[in-house]
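Student: What follows is a predicted protein model with its sequence.
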Amino acid sequence: QLVESGGGSVQAGGSLRLSCAITAYGYSTICAGWFRQAPGKEREGVAYLDYDGGTAYGDSVEGRFTISHDNNKNTLYLQMNSLKPEDTAMYFCAASTRGCLTADFASWGQGTQVTVS
């Protein structure tokens with residue numbers, strides 16, 4: 001089960017930190033990630049964290065967003081800085097036991113809304 005929190009409304013240039021509590025996160029989780037979907041647009045990958053700590057980011061957020069995981073709290077984070085209006089979307093966390101391709105992610109949260117004005 002994945003439960004996101006931390007979304008909200010912020011002015012351009014501001015910051016937000018999203019959290020995702022992932023129960024059963026452990027050796028079976030190969031990759032965890034954040035995705036987003038804006039109205040009328042396809043879901044896009046924002047940030048990925050694989051089992052050995054490697055990270056990858058979408059081009060539009062590179063240098064502004066940071067993905068991390070707290071092993072003690074079984075929580076995935078997305079620190080978002082220098083937010084832009086085009087970052088407005090519903091953000092989802094997801095976990096995969098297979099790999100980091102979008103099709104590999106089988107477990108999804110319900111989403112948390114981020115609005116940047």
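Tutor: It's in.

Student: Helices along this structure, start to end?
Tutor: Taking DSSP state H to define them, one finds no helices in the chain.

Student: which residues does the most centrally placed residue in it bridge with?
Tutor: Nearest to the mean C-alpha position of the chain, by CA atoms, centre = their mean, lies W34 at 2.2 Å. Counting by DSSP bridges, W34 forms beta bridges with A47, C93.

Student: if I look at it, how far off is M80?
Tutor: From W34 over to M80 the distance is 9 Å, taken as CB to CB, to the nearest Å. Just so you know, the C-beta spots here come from the backbone N, C-alpha and C atoms, and that holds for glycine as well.

Student: Spatially, which residue comes closest to Y77, not counting chain neighbours?
Tutor: The shortest distance from Y77 to any non-neighbouring residue, by CB to CB, 6 or more residues apart in numbering, is to S68 (4.8 Å).

Student: ignore the last one, R17
Tutor: Q79 (5.1 Å).

Student: what does Q11 give?
Tutor: With sequence-adjacent residues excluded and distances taken as CB to CB, 6+ apart, Q11 is closest to S117, at 6.1 Å.
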